[in-house]
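In: have a look; sequence and predicted model below, questions after that.
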Amino acid sequence: MADMTEMTNWAVDLIGVRKTYPGRIEALRGVNVQVGRGEIFGLLGPNGAGKSTLVKIMMTVVRPDRAMGTLLGRPLGNRRKLARIGYLPEGHRFPRYLTGVQLLDSYGALAKVGRSTRRQRANELLDRVGMTQWANTRISKYSKGMMQRLGLAQALINDPDLIVLDEPTDGVDPMGRRDIRELLLELRRQGKTIFINSHLLGELEMVCDRVSILVSGLVARQGTLGELTAQSREYRIKCQGDIEPLRQQITDLKAKMADGEIVIPGHDSSQVNALIDVLRGAGVLIESVLPKRFTLEDVFVDTLGGVRSVGAARKRPEGAA
């Protein structure tokens, strides 16, 4: 009978992860994160939120105070499953005397990839990340962006099922970031699961199926981009003429006047049509009706602001206004 943990749909299933560093610094305070098989998952948060600590716990680089859950259907730290993970750490350092192809061959050997297979994959991966012409150049000659490209190639040398990337586009130019996005989407089509920790929200928005927002060691929000922005939409109506006499009617329709426009929160088109009827009935000329969906950055800023507001309220002295 098959082991039930192997049959889970989660490639990453972390429960109650806690980590406190010396000085009572609580990096993680009970984090729960689930990543589906075959999806691109983004982990984001401000500096000091605990993102890199969580990644290092997943990869057994850092020992947690407490953590339950599985990676690829097996408990954290399972050696057989760790061998099926590709990892690009933040701020990685490679031996500068090696060439690009030598480095990939070395990492392939460490991952117990056969000699002929790893040499073939090394050449294929260097080509895929745009580094073929630098394959036989010493790493000491590489720029930061080239180092990131090489780092991504080494994370793929063992043909992993789960790919964990900690700030993969750090120091990469716009063309390089586009190339990496295309590669990640290609890997997803192949059925790979990709876990990305990044502070570049625009990059995550373009590739991720789901994201988790980590703030002060806790998951503040988690879900698909559609779920996170479902309540963060609005319509803006721009008019000509004086709409001040219609303020009460506009307010009754749960809209507001701002910067010479009428803002309707949500995405209820019937509410928009009702407001348009009011405006037309009053002879107001409508210039435009524009729907707006908030970006991941908008959601992130809103989440961060809300968490900080709650934290400030909790710290407010008793009896304070």
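Out: Sure thing, it's come through.
In: the host helix or strand of Arg280 packs against which elements?
Out: If you go by DSSP states H and E, Arg280 is part of helix 269-281. If contacts are counted by 3 or more Cβ pairs under 8 Å, 6 or more residues apart in numbering; DSSP states H and E, helix 269-281 sits against strand 233-240, helix 247-252, strand 261-265, strand 285-293. Every C-beta, even on glycine, is put in place using the N, C-alpha and C of the backbone.
In: hey, which of these is tucked in deepest?
Out: Neighbour counts (mean count of other Cβ atoms under 10 Å) averaged over each of the helices and strands packed on helix 269-281 peak at strand 261-265, with a mean of 19.
In: who does that one pair up with?
Out: strand 233-240 (antiparallel), strand 256-258 (antiparallel) (DSSP bridges).
In: in terms of pLDDT, where does the residue most central in space within the chain sit?
Out: In the chain, the centroid-proximal residue (Cα atoms, centre = their mean) is Gly42; its distance is 2.1 Å. If you check Gly42, the pLDDT there is 94.
In: tell me which residues of the helix holding Arg280 are tucked away?
Out: Applying a neighbour-count criterion of 16 or more other Cβ atoms under 10 Å, one finds 271-272, 275-276, 278-279 buried in helix 269-281.
In: before we move on, what about stretch 156-176?
Out: Residues 156-158, 160-170, 172, 176 are the ones in stretch 156-176 that count as buried (16+ other Cβ under 10 Å).
In: same check on stretch 128-144?
Out: For stretch 128-144, by 16+ other Cβ under 10 Å, it's 128-131, 134-135, 139, 142.
In: ok so, going back, the buried residues of stretch 156-176 in strands, which ones?
Out: By the criterion of DSSP state E, membership of those in strands covers 162-166.
In: so, low pLDDT: which residues of the stretch 1-150 of the chain?
Out: 1-7 (pLDDT under 70).
In: give me the low-pLDDT residue ranges for the stretch 151-300 of the chain?
Out: Ranges of the stretch 151-300 of the chain meeting pLDDT under 70: 230-232.
In: looking at it, Val299 is touching Leu228, isn't it?
Out: Yes - using Cβ atoms under 8 Å, Val299 is in contact with Leu228, at 5.0 Å.
In: which residues are common contacts for the two?
Out: Arg221 (Cβ atoms under 8 Å, 6 or more residues apart in numbering).
In: now do the SS call for Ala153.
Out: helix (DSSP: H, G, I helix; E, B strand; the rest coil).
In: and the gap between it and Gly30?
Out: Computed as Cβ to Cβ, to the nearest Å, the Ala153 to Gly30 distance reads 36 Å.
In: ditto for Asp277
Out: Applying Cβ to Cβ to Asp277 and Gly30 gives a distance of 50 Å.
In: likewise Trp134?
Out: Note on Trp134: its distance to Gly30, by Cβ to Cβ, is 44 Å.
In: neighbours around Arg80, how many?
Out: By other Cβ atoms under 10 Å, the residues close to Arg80 number 8.
In: that one reaches Leu71, doesn't it?
Out: No - the pair Arg80 and Leu71 fails to qualify as a contact (Cβ under 8 Å) at a distance of 10.6 Å.
In: doesn't Asp252 make contact with Ala274?
Out: No - in this structure, Ala274 is not within contact of Asp252 by Cβ under 8 Å, at 9.8 Å.
In: helix/strand/coil for Ile57?
Out: helix.
In: can you classify the residue nearest to it when sequence neighbours are not counted by secondary structure?
Out: Using Cβ to Cβ, 6 or more residues apart in numbering and skipping the chain neighbours, the partner closest in space to Ile57 is Pro64 (4.8 Å). Following three-state DSSP, we place Pro64 in the coil state.
In: just Glu186 next, same as before
Out: Per three-state DSSP, Glu186 ends up helix.
In: among the buried residues of stretch 156-176, which one lies nearest to Tyr97?
Out: Ile157 (19.1 Å; Cβ to Cβ).
In: hmm, Tyr107 and the closest one touching each other?
Out: Yes - contact criterion Cβ under 8 Å: Ile157 and Tyr107 qualify, at 5.2 Å.
In: list the buried ones in stretch 104-118?
Out: Going by 16+ other Cβ under 10 Å, stretch 104-118 has these buried residues: 104-108, 111, 113, 118.
In: now the residues you listed in TSV, with secondary structure and distance to Pro22?
Out: Output for the buried residues of stretch 104-118, formatted as TSV (DSSP: H, G, I helix; E, B strand; the rest coil; distance: Cβ to Cβ, whole Å):
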residue	secondary structure	distance to Pro22
Leu104	helix	37
Asp105	helix	39
Ser106	helix	34
Tyr107	helix	32
Gly108	helix	37
Ala111	coil	33
Val113	coil	38
Arg118	helix	40
